[in-house]
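Asks: return atomic coordinates for the entry below.
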Amino acid sequence: AALLLIAGLLGVSHIFRRRRHHHHAQHQHHAHEPRRIHPLDGERHLHNADAAMGELPLAKFPSLTNAFAKSEIVALYFAASWCPMSTPITEALDEAFSGKRNTLLYPDAMEAHDAAAEGRKPLSIVYVSSDGSEEEMTDYIRGGWQSVAYGSTERTELKKHFRVCAKRELAELGFERKFEIPTLMVLDGHTHGIISTNGVDDIREYGDKALTHWLGMQSLIRGLEDKYEGEALKNQAEPRIV
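Replies: This next block holds a predicted model:
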């Protein structure tokens, strides 16, 4: 049944992703930073047992606590100011969302107050930097972005968790990466599940409509999960004939 659920999620992903028609320049490989390392192994939104018990998968990262608590969608942006592939994505994110306080959860909204009373903002963008210094990171952050502190161990641990980093970081971090920079990891603010690992392509294709795309995927995936869980409970409740 679990395999059928995952297959269903992948099917929904294909239905909601139009055929990509990128310009050849967007797919040119840089010798120092190739675009894709491994094929995408599915846009996953796993509603695991830990989440069901209230232990959400990314609760171990305090830097993300308020973003998850106060946003429908949390987009982790792995990038660097020195990376030429990051620049157009950063500019596209800036154009699509910066200045839109009704859409984006700004850092000044991270102060302690009753998030439930105010409701969730549609989106948080959290920058996970691969910059060479804290100053470079600070200068690169756009209006409305949050960030994981440069000196925090969480910056490294998030890269290891999602297996995302720059090529120049591989020796230091010591893991086999699945995703290079830039990567935009799109997560459900409620369950911490992965809605898309292809947020970069979504921004290229949809621009400011990418958020609508992510919210639609979130709704459909939750519907599939609820259906699966309902069927599982029904099967458990039915008496077995021995």
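Asks: helices and strands around the longest helix seen in the chain, which ones?
Replies: Criterion DSSP state H: the longest helix present in the chain is helix 210-237. With contacts taken as 3 or more CB pairs under 8 Å, 6 or more residues apart in numbering; DSSP states H and E, helix 210-237 sits against helix 2-16, strand 71-79, helix 86-97, strand 121-129, strand 183-188, strand 194-196, helix 199-206. In short, each C-beta sits where N, CA and C put it, glycine included.
Asks: one more pass at 7 Å, please.
Replies: Packed against helix 210-237 by the contact rule (3 or more CB pairs under 7 Å, 6 or more residues apart in numbering; DSSP states H and E) you find helix 2-16, strand 71-79, strand 121-129, strand 194-196, helix 199-206.
Asks: mean pLDDT lowest for which of the ones you listed?
Replies: Per-segment mean pLDDT for the helices and strands packed on helix 210-237 reaches its minimum on helix 2-16, at a mean of 44.
Asks: what about the residue nearest to R101 when sequence neighbours are not counted, which SS state?
Replies: Distance criterion CB to CB, 6 or more residues apart in numbering; nearest residue to R101, sequence neighbours excluded, is G144 at 7.5 Å. Here G144 is recorded as coil under DSSP: H, G, I helix; E, B strand; the rest coil.
Asks: tell me which residues of the longest helix of the chain come out buried.
Replies: If you call a residue buried by 16 or more other CB atoms under 10 Å, then helix 210-237 has these buried ones: 210-211, 213-214, 217-218, 220-222, 224-225, 228.
Asks: now do the end-to-end distance for stretch 59-66.
Replies: With CA to CA, to the nearest Å as the measure, stretch 59-66 spans 11 Å from end to end.
Asks: ok, now stretch 160-173?
Replies: Across stretch 160-173, first to last residue, CA to CA, it's 8 Å.
Asks: give me the contacts around it.
Replies: 32-33, 78, 80, 83, 130, 156, 159, 175-181, 183, 185 (CB atoms under 7 Å, 6 or more residues apart in numbering).
Asks: one more: stretch 59-77?
Replies: Contacts for stretch 59-77 (CB under 7 Å, 6+ apart): 58, 93, 105, 109-110, 115, 120-128, 146, 148-149, 152, 154, 158, 184-187, 189, 192, 199, 211, 214-215, 218.
Asks: list the buried ones in it?
Replies: Buried residues in stretch 59-77 (16+ other CB under 10 Å): 61, 63-64, 66-77.
Asks: any low-confidence regions in this protein?
Replies: Along the chain, segments meeting pLDDT under 70 span 1-54, 109-118, 232-234, 237-242.
Asks: returning to that earlier point: filter the contacts of stretch 59-77 down to the buried ones.
Replies: 58, 93, 105, 109-110, 115, 120-128, 146, 148, 154, 158, 184-187, 189, 192, 199, 211, 214, 218.
Asks: skip the chain neighbours and tell me the closest residue to Q146.
Replies: V126 (4.8 Å).
Asks: isn't the one you found up against A149?
Replies: No: judged on CB atoms under 7 Å, V126 makes no contact with A149 at a distance of 11.3 Å.
Asks: which residues are common contacts for these two?
Replies: What both V126 and A149 touch, as defined by CB under 7 Å, 6+ apart, is an empty set.
Asks: now do S81 against S130, distance only.
Replies: Using CB to CB, to the nearest Å, one gets 9 Å for the distance from S81 to S130.
Asks: and the two? which has more neighbours close in?
Replies: Counted by other CB atoms under 10 Å, S81 and S130 do not tie: S130 has more neighbours, with 25 against 19.
Asks: ok, that one to M85 distance?
Replies: Counting by CB to CB, the separation of S130 from M85 is 12 Å.
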